[in-house]
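[1] Provided below are the primary sequence and the corresponding predicted coordinates.
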Amino acid sequence: MATKHIRKAAVIGGGVMGRGIAAHLANARIPVLLLDIVPPKPGEGDDVNSPAFRNKFALNAITNIKKEKPSAIYSHLDLDLITPGNVEDHLELLADVDWIVEAVPESLPIKKATFDKIEKHANPEAIIASNTSGLSIKAMLEGRPDSFKKRFLVTHFFNPVRYMKLLEIVEAEDTDPEVTKTVVEFGEKVLGKGIVFGKDTTNFIANRIGVHGMMTIMHTMPKYEMTIEDVDAIFAKPMGRPKSAVFRTADVVGLDTFVHVATNCYDTLTEDDERDIFKVPEYMKTLVERGWTGSKAKQGFMRKGKGGIEVLDLNTLEYRERNKPEYASLAAAKGSPAARIKKVVVDGDDKAAKFAKEITLRSLAYTARLLGEIADDILNVDRGMRWGFNWDLGPFQTWDAIGVKWGAEQMKAEGISYPTWVDEMVAKGNDSFYKWEGNKELYYDYREHTYRPIPQHEMEISLEVLKKTDNTKVFGNDGATLHDMGDGVALLEFHTKMNSIDDDIISMMHRAIDEVENNDWEGLVIGNSSDNFSAGANLLLVLMNARAGNWTDIESMVKQFQDANQRMRFSSKPVVAAPTGLTLGGGAEVALGANAIQAAGELYMGLVEVGVGLIPGGAGTLGLLRNHFGRHATNTNLNPVSIIQDVFMAIGMAKVATSAEEARELGFLNADDVVTINRDHLLYRAKQRVLGMSRAGFVAPRPMKFNLPGRDGAATIDTMLYSMEQNNQVSAHDRLIGAKLGSVLTGGNTTPKIAVSEQYILDLEREVFLSLCGEEKSQARMEYMLMNNKPLRN
């Protein structure tokens, strides 16, 4: 039986996928051996015996990880976990790893030769996996002993590995169930992936359906005289798809890769009734021949021209300016993903709607016909498309959105075939593939003709389920709700637009801490199920009050927010923040105010107020000072200037961490704050953190005092700002904001011998925030951000 614990891994192949898998293993703090071939063609002057030459491809892979944007790795500090090597000199090191992932080119002879090497050198208990997306498992395992087959399976990651949730797992005929169990648990808990179970068929689930859908669009475009812009406008947000839509997605994936996947489908799916859909259009072949393979070649279906983005005219294969399509059906697509799709496909009547309808009906019917061949249930299919292609809704959820009965009737009218079980389902009065019964969500089992509960991981706390459970809502208002998570832990959920901080949220923060402190609760979690924790304070409210001269109202709101964050910090019960995604401005201040942070790996955290002409006003400067100074706050022998400069640069340059680990490096997270890679497990982990702190005998921390440099420190900062202004690095208004920020961080009129309190700093922060609200140029920055969603330099 293979190992039950994966503590060390190896990746063979340092290409795009191999290095992505290695980087994500490092994100999870798993040491990984990255092996590639020895360069076959030495250059003039190469020392063929040197490690630098022999490990060149693996070393280049690590260099690429360092340079990639968006970054494949949470922190460059974790690159040390990746050990480069080659498959001639370092195969004996495989004896020391628990999981070996083959990520060599999609060639059966190359893969089989790689398995020869693995079989000779691997630990006999190690799990062996292939990252193939199109080759037959049966063919890859031909001639292998049973001991190899039992510990082998496919683990198909999606690119970019760090950001794509999907991990398709496909077992071989002889795979030991314990091997699968180990990989599933590791994939979910350690790597943070969403697991989908596929079958040994060409391109498995997501690529099979996704490529079919994209190819159907390309082949159907001429019928409706659709341009690239038309297609990408339709199959983006209006149809519940990512903004990269179709052609931009193809550019990002790489046209050569896309052609390879589609061709593989055409070559191997000889019995598929829609095999011809996978025939690659001639214009795609031409683009690949020209080397116009998409983003990596800086041109494909699109390129950046002198006047902006240009698109390809598919008739002439020449670039032209991009147009902005306008269709009534797309303009009407508002609300939830299901509502938007229905507005286009069902209610729309223009050319875009008719095109979307035909594509949708054909894709849904094809997907339904594949059930049993590529997956055993609709759940794996829908998850595959949501997690692998970033669709808002999977195919069967989309069918629910347009109506199961309506969709089937339209398919009949258009002569599109679909499985008979759909008619049987509708005839029995079942009008949806998914439904809720109480607080349980069910999916339709097409084989048993009944509904089954969607399995929920023990570490997944769903707010949707919580809201459908009786007596779990404690109280709430328009901005936030306090829920009972069970086991004596309360959850404060924000639910304004982008979870922006407003009066309702602030009042609920105060009310929540009253409830938790004065009643029988273990503690409080602040978190939600949204993509983003909080994008900051309600800027429109601040600007309106500033323009109206309502200084008392602004000061009251800022003081209430400061007090709320301080109350969370010094509560008699532990408070844990669970930030994820955008955690900016006021959102960062809420997280900094908690006793501990349980952060999602994908955390984009920063105090960005200078971008709108302000400084943090809700205890953000205090929170970051507190984190940076730590136990050194009152050390009079320590020169605080370097620490203050770090805090100043983080706030003054509006630095935003691009991961939780980078947030730690910037000081937003402390050493004992914890990162959870699986977003679905974040609330569960935060709840366990509260329980652990409570049961360990939590005592609120002492308020800190700070020995700050005062005017001399502020003068040092202003000297730096003066130099930056003279070199045109900052504007005069930037300098003004920076000087005011510096005065707060250095303690105003204090001296290094006087220890100032947290409240003293909060008063300085609030005073400066108010003064900047009155600046005309700051108000212009606020207005510009609200109008254009980007900062103004003035």
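    Received it, and whenever you're ready, just let me know what you need. Numbers count the residues shown, from 1 in each chain.
[2] let me see the mean pLDDT of the helix or strand hosting residue 555.
    Using DSSP states H and E, residue 555 falls within helix 551-569. Averaged across helix 551-569, the pLDDT comes to 97.
[3] distance from the chain centre to that helix, please.
    Here helix 551-569 shows a centroid-to-chain-centroid distance of 31 Å under the convention C-alpha atoms, centre = their mean, to the nearest Å.
[4] ok, stretch 474-481 next?
    Taking the mean C-alpha point of stretch 474-481 and that of its whole chain, the gap between them comes to 27 Å (C-alpha atoms, centre = their mean).
[5] for the record, mean pLDDT for it?
    If you average the per-residue pLDDT over stretch 474-481, you get 97.
[6] what of stretch 641-659?
    In this model, stretch 641-659 carries a mean pLDDT of 95.
[7] what comes up buried for it?
    The neighbour-count check on stretch 641-659 (16 or more other C-beta atoms under 10 Å) flags 641, 643-645, 647-648, 650-652, 654-659 as buried. For the C-beta atoms, the positions are set from N, CA and C on the backbone; glycine is no exception.
[8] kindly report the same for stretch 726-740.
    Within stretch 726-740, judged by 16+ other C-beta under 10 Å, the buried ones are 730, 733, 734, 735, 736, 737, 738, 739, 740.
[9] ditto for stretch 224-244
    By neighbour count, with 16+ other C-beta under 10 Å as the criterion, the buried positions of stretch 224-244 are 226-241, 244.
[10] same question for stretch 511-527.
    511, 512, 513, 515, 516, 521, 522, 523, 524, 525, 526, 527.
[11] spit out the contact partners of the fourth one.
    Residue 515 makes contacts with 474, 475, 482, 490, 521, as judged by C-beta atoms under 8 Å, 6 or more residues apart in numbering.
[12] thinking again about what came up before, in helices, which of the buried residues of stretch 511-527 appear?
    Secondary structure of these is defined by DSSP state H; positions in helices are 511, 512, 513, 515, 516.
[13] tell me which of those is nearest to residue 758?
    Here the nearest of those to residue 758, counting by C-beta to C-beta, is residue 513; it sits at 17.0 Å.
[14] who's in contact with that closest one?
    When contacts are counted by C-beta under 8 Å, 6+ apart, residue 513 touches 524, 564, 567, 568, 571, 575.
[15] can you map out the strands along the stretch 401-550 of the chain?
    Taking DSSP state E, counting those that start in this stretch to define them, one finds strands in the stretch 401-550 of the chain at 434-437, 440-445, 450-453, 473-476, 480-486, 489-494, 523-526.
[16] minimum distance to residue 21: which of those strands has it?
    Evaluated over the strands of the stretch 401-550 of the chain, closeness to residue 21 peaks at strand 440-445, with 30.3 Å, by C-beta to C-beta.
[17] helices and strands around that closest one, which ones?
    On a contact count with 3 or more C-beta pairs under 8 Å, 6 or more residues apart in numbering; DSSP states H and E, strand 440-445 meets helix 378-389, strand 434-437, strand 450-453, helix 463-467.
[18] residues in contact with that strand?
    Counting by C-beta under 8 Å, 6+ apart, the neighbours of strand 440-445 from elsewhere in the structure are 377-379, 396, 425, 430, 432-436, 450-454, 464-465.
[19] now the angle from that strand to helix 378-389?
    Here strand 440-445 points in a direction 100 degrees away from that of helix 378-389 (axes from the mean of the first three to the mean of the last three C-alpha atoms, to 10 degrees).
[20] sorry, back to before: filter the contacts of strand 440-445 down to just the buried residues.
    When those are checked for burial by 16+ other C-beta under 10 Å, the buried set is 377, 378, 379, 396, 425, 430, 432, 433, 434, 451, 465.
[21] and these, which two are the farthest apart?
    With distance counted by C-beta to C-beta, no two of the buried ones among the contacts of strand 440-445 lie farther apart than 425 and 465, which are 24.8 Å apart.
[22] among the buried residues of stretch 641-659, which one sits closest to residue 558?
    Minimum distance to residue 558 across these is 16.2 Å, recorded for residue 651 (C-beta to C-beta).
[23] tell me the gap between the host helix or strand of the closest one and the middle of its chain.
    In this structure, residue 651 sits in helix 641-652 according to DSSP H and E. Distance of helix 641-652 from its chain centroid, counting by C-alpha atoms, centre = their mean, is 29 Å.
[24] buried residues in the next helix-or-strand element following it?
    Counting by DSSP H and E, the element after helix 641-652 in chain order, helix or strand, is helix 660-665. Buried residues in helix 660-665, counted by 16+ other C-beta under 10 Å: 660, 661, 662, 663, 664.
[25] contacting residues around the last one?
    Taking C-beta under 8 Å, 6+ apart as the definition of contact, the neighbours of residue 664 are 75, 670, 671, 673.
[26] excluding its backbone neighbours, what's nearest the third one?
    Nearest residue to residue 671, sequence neighbours excluded (C-beta to C-beta, 6 or more residues apart in numbering): residue 664, at 7.5 Å.
[27] how near is that neighbour to residue 605?
    Between residue 664 and residue 605 the distance, using C-beta to C-beta, to the nearest Å, works out to 10 Å.
[28] where does this protein have low pLDDT?
    Counting by pLDDT under 70, the chain shows low-confidence ranges at 1-3.
[29] show me the domain layout of it.
    9-197, 206-451, 464-778 (automatic domain parsing).
[30] any idea how far the first one is from the chain center?
    Between the mean C-alpha point of domain 9-197 and the mean C-alpha point of its chain there is a distance of 23 Å (C-alpha atoms, centre = their mean).
[31] quick check: the gap between the closest residue to residue 37 other than its chain neighbours and residue 426.
    Spatial nearest neighbour of residue 37, chain neighbours left out: residue 87 (5.9 Å); criterion: C-beta to C-beta, 6+ apart. Distance, residue 87 to residue 426, using C-beta to C-beta: 55 Å.
[32] specify the residue positioned farthest from the middle of the chain.
    Checked against the mean C-alpha position of the chain, the extreme residue using C-alpha atoms, centre = their mean is residue 753, at a distance of 46.3 Å.
[33] three-state assignment of that residue?
    Three states are possible here, and by DSSP: H, G, I helix; E, B strand; the rest coil the one that applies to residue 753 is coil.
[34] how about residue 627, phi and psi?
    Residue 627 adopts backbone torsions of phi -70, psi -40, taken as degrees, to the nearest 10.
[35] please name the nearest non-neighbouring residue to it.
    Of all residues beyond its chain neighbours, the one nearest residue 627 is residue 667 (4.7 Å), with distances taken as C-beta to C-beta, 6+ apart.
[36] ditto for residue 380
    Leaving out its chain neighbours, the residue that sits closest to residue 380 by C-beta to C-beta, 6+ apart is residue 196, at 4.9 Å.
[37] and the one you found, which helix or strand is it part of?
    Counting by DSSP H and E, the element that carries residue 196 is strand 194-197.
[38] what pairs with that strand, parallel or antiparallel?
    Each strand pairing with strand 194-197, determined using DSSP bridges, is listed with its direction: strand 166-171 (parallel).
[39] with just CA atoms, put the next helix or strand after the partner strand into PDB.
    Taking DSSP H and E as the definition, the helix or strand that follows strand 166-171 towards the C-terminus is helix 177-185. Output in PDB follows, covering the C-alpha atoms of helix 177-185 (Å, rounded to 0.1, in the frame of the first residue of the first chain):
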ATOM      1  CA  PRO A 177      -8.500   3.200  -3.300                       C
ATOM      2  CA  GLU A 178      -6.100   4.200  -0.500                       C
ATOM      3  CA  VAL A 179      -3.900   6.000  -3.000                       C
ATOM      4  CA  THR A 180      -6.900   8.000  -4.300                       C
ATOM      5  CA  LYS A 181      -8.000   8.800  -0.800                       C
ATOM      6  CA  THR A 182      -4.500  10.100   0.100                       C
ATOM      7  CA  VAL A 183      -4.200  12.300  -3.000                       C
ATOM      8  CA  VAL A 184      -7.800  13.700  -2.600                       C
ATOM      9  CA  GLU A 185      -7.100  14.600   1.000                       C
END
